[in-house]
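Participant: Could you work out the structure for the sequence below:
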Amino acid sequence: MSIPDAHTPPAPPPQQAHLIQPPEHAHPPVHPVRSDAHLSPTEDLDREPDGVPHSVVGLTALFSVMLAMLVAFMFLTGSGWGKALSILLALVAIPTLVSSLRKKAARDRDDFHPSR
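Facilitator: Sure thing, here's the model as predicted:
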């Protein structure tokens, strides 16, 4: 008796063999249509669903995590002045981060394909 190959799936029992075979007359899959004539009036395949540019979402996540790690590191390892400066940094950096990313979102927003 040989050892079955780890990459080969086991054969199904004979009574279930007909359940996993493809049908004889399968329909081809229907792909999304890129023609504007075939879209509904409210459908647009080029828009970003939430209206916020995806680069801004990624930058928000990146800078938020980096800022949180910096403030936490300063707060945990610092003396009294280090803790005070970490709180001051958070009070200044968070509004600055939000306002700069809001401006970038307004600049990069797609006005030709607005969200719903």
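
Participant: With residue 98 as the reference, measure out to the residue nearest to residue 94 when sequence neighbours are not counted.
Facilitator: Spatial nearest neighbour of residue 94, excluding adjacent residues (CB to CB, 6 or more residues apart in numbering): residue 67 at 7.2 Å. Just so you know, the C-beta spots here come from the backbone N, C-alpha and C atoms, and that holds for glycine as well. From residue 67 over to residue 98 the distance is 11 Å, taken as CB to CB, to the nearest Å.

Participant: Show me which of these two is the more surrounded one.
Facilitator: residue 67 (16 against 12; other CB atoms under 10 Å).

Participant: roughly how far apart are that one and residue 75?
Facilitator: 12 Å.

Participant: What of residue 91?
Facilitator: Residue 91 is 13 Å from residue 75, by CB to CB.

Participant: Buried residues, the helix or strand the residue nearest to residue 94 falls within. List them.
Facilitator: Remark: residue 67 resides in helix 54-77, with elements defined by DSSP states H and E. For helix 54-77, the neighbour count (16 or more other CB atoms under 10 Å) marks 56, 59-60, 67, 71, 74-75 as buried.

Participant: residue ranges with poor pLDDT in this structure?
Facilitator: Scanning the chain for pLDDT under 70 picks out 1-36, 38-40, 42-51, 111-116.

Participant: Name the residues that touch stretch 53-61?
Facilitator: For stretch 53-61, the external contacting residues (CB atoms under 8 Å, 6 or more residues apart in numbering) are 48, 97, 101, 104-105, 108-110.
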